[in-house]
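# what would the 3D arrangement of this be:
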Amino acid sequence: MSTQIQPGKKERVNFLIPHELLHRASQTAKEYHLTLSDFFRQALVKSIEELERKKRDREIEEACRFYYKADKQIAAEWEAAESKV
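You can find the predicted model right below:
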């Protein structure tokens, strides 16, 4: 589920980056025939998507644990009720 960068209004952002990281990013952008800005935009989108995926996975895992525990509790209650019948 990759999100495309939508054309439209852009805003300038200034930030500091270690020299070596900038050098590596510039080299990688050149290898893939990208401008440095495009490279950073794509890297940022991928990073955000990865963090969102991890958050979603965590939430699913927590829900599974909750419902597993609830299902076990209900099953134990039914087992106790059925054994009395």
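# need the helices for the chain, in chain order.
For the chain, the helices defined by DSSP state H occupy 19-31, 36-83.
# so which of the ones you listed comes closest to residue 10?
Minimum separation from residue 10 across the helices of the chain (Cβ to Cβ) falls at helix 36-83, 9.0 Å. (C-beta placed from N, C-alpha, C; glycine too.)
# quick check: mean pLDDT of that closest one?
In this model, helix 36-83 has a mean pLDDT of 90.
# okay, the helices of the chain in CSV with mean neighbour count next?
Listed next are the helices of the chain as CSV, based on neighbours: other Cβ atoms under 10 Å:
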stretch, mean neighbour count
helix 19-31, 11
helix 36-83, 11
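# wait, which of these is closest to residue 7?
helix 36-83 (11.5 Å).
# tell me the helices and strands packed up against that closest one.
helix 19-31 (3 or more Cβ pairs under 8 Å, 6 or more residues apart in numbering; DSSP states H and E).
# so what does the helix it packs on touch, helix or strand wise?
Helix 19-31 packs on helix 36-83, going by 3+ Cβ pairs under 8 Å, 6+ apart.
# tilt between the helix it packs on and helix 19-31?
100 degrees (axes from the mean of the first three to the mean of the last three Cα atoms, to 10 degrees).
# how far is helix 36-83 from where the chain is centred?
Its chain's C-alpha centre and that of helix 36-83 lie 12 Å apart, by Cα atoms, centre = their mean, to the nearest Å.
# just put the helices of the chain in a markdown table and tack on distance to residue 11.
Listed next are the helices of the chain as a markdown table, based on distance: least, Cβ to Cβ, whole Å:
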| stretch | distance to residue 11 |
| --- | --- |
| helix 19-31 | 20 |
| helix 36-83 | 12 |
